[in-house]
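**Q** Sharing a model prediction with you, sequence too.
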Amino acid sequence: MINASAILHLVTQALAIVDRVHKDHGAEKALEELKKLEAIMSAVKRGDLKLLDVPKAKAELDALIERVASLDEIKKGEQTADDALAKKFDTGGDK
Amino acid sequence: MRRILPFLLVLAFACGGAQKKLQVDAAQDGLMTAAAATATAYDLFVVWDHETEMSIVNKAASAEEGRAALAAHRLRKAPVLGAFEVVAISLRAASKALAINDPDPAVVARLAADALRDVLALQQAIARMKGETP
């Protein structure tokens, strides 16, 4: 997935290449490279190249990893069950 | 020819670079799929596990019986918890590999595949455990 910043960076680099091609090989060759760039931008517009908020997705992924690695919610559930068992028989006595 | 060679090298690099980006994007997609499946499996398991343990507590005729039944349940679920930890490690490794500048496509592809494989193993462990629950 490519985010907007990465797209801008790619476009800047591509234009620099086109400029170099123009200087070295003339306008016709530069026009060929510009057409390739246009094809890439069309793909982005169609959604073939995805634009994604990568920092947000990564933050969510990292949060999930820490959540699963810690097993905190499962441990809390166990504690709740232990407390409920203790409460059940502390207040009522053994049946 | 000497003037064309740098141009050809730039084009070859650009083509190779595009291919590399596609491979890295595919690995990123695989990682996100593994993450989504993990999140779902974890959420569902947390709820099911808690309901199961509270059911054990409600059915227990004595504190000792309740403690023994809970201990047996927790022993059965240990492989599932282990599988969750393995998945977390795989996801973390794949995430770190993708986060670096210019990741190696072969490496990130392998790590994303490992994460997907570990998620599948997790789902199988959960299914096995639920099949054993009385």
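**A** Thanks, I have the structure now.
**Q** so where's chain A shaky on pLDDT?
**A** A:1-13, A:40-41, A:43-56, A:91-95 (pLDDT under 70).
**Q** can you map out the strands along chain A?
**A** For chain A, applying DSSP state E gives no strands.
**Q** Get me the contact residues on it for chain B.
**A** Contact residues, chain A versus chain B (Cβ under 8 Å from any Cβ of the partner chain): A:1-2, A:17, A:20-21, A:24-25, A:29, A:50, A:57-58, A:61-62, A:64-69, A:71, A:73-74, A:77-78, A:80-82, A:84-86, A:88-89, A:94-95. C-beta coordinates here come from the backbone N, C-alpha and C atoms, glycine included.
**Q** Can I get the buried part of those as one ChimeraX selection?
**A** Those of the residues of chain A next to chain B that count as buried under 16 or more other Cβ atoms under 10 Å in any protein chain shown are selected in ChimeraX with:
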select /A:1,2,17,21,57,61,64,65,67,68,71,73,74,77,78,81,84,85,88,89
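**Q** Could you check how far residue A:71 is from residue B:109?
**A** Using Cβ to Cβ, to the nearest Å, one gets 29 Å for the distance from residue A:71 to residue B:109.
**Q** just to revisit the earlier point, from the residues of chain A next to chain B, which land in helices?
**A** Mapping those onto helices (DSSP state H) picks out A:17, A:20-21, A:24-25, A:29, A:57-58, A:61-62, A:64-69, A:73-74, A:77-78, A:80-82, A:84-86, A:88-89.
**Q** which regions of chain B lie under the pLDDT threshold?
**A** Ranges of chain B meeting pLDDT under 70: B:1-16, B:132-134.
**Q** what about 80?
**A** Where chain B drops to pLDDT under 80, the residues are B:1-19, B:101, B:132-134.
**Q** List the contacts of residue 89.
**A** All of this is about chain A. B:60, B:62-63, B:66 (Cβ atoms under 8 Å, 6 or more residues apart in numbering or on different chains).
**Q** wrong one, chain B
**A** By Cβ under 8 Å, 6+ apart, the residues touching residue B:89 are residue A:69.
**Q** Mind doing that once more with 10 Å?
**A** Applying Cβ atoms under 10 Å, 6 or more residues apart in numbering or on different chains to residue B:89 gives the contacts A:65, A:68-69, B:114-115, B:118.
**Q** What is the longest helix seen in chain B packed up against?
**A** In chain B, with assignment by DSSP H, the single longest helix is helix B:4-59. If you count contacts as 3 or more Cβ pairs under 10 Å, 6 or more residues apart in numbering or on different chains; DSSP states H and E, helix B:4-59 packs onto helix A:4-25, helix A:27-46, helix A:54-70, helix A:72-92, helix B:63-99, helix B:105-132.
**Q** so which of these comes closest to residue B:42?
**A** Across the helices and strands packed on helix B:4-59, residue B:42 has its closest neighbour in helix A:54-70 (5.3 Å, Cβ to Cβ).
**Q** what's the angle from the closest one to helix B:4-59?
**A** 40 degrees (axes from the mean of the first three to the mean of the last three Cα atoms, to 10 degrees).
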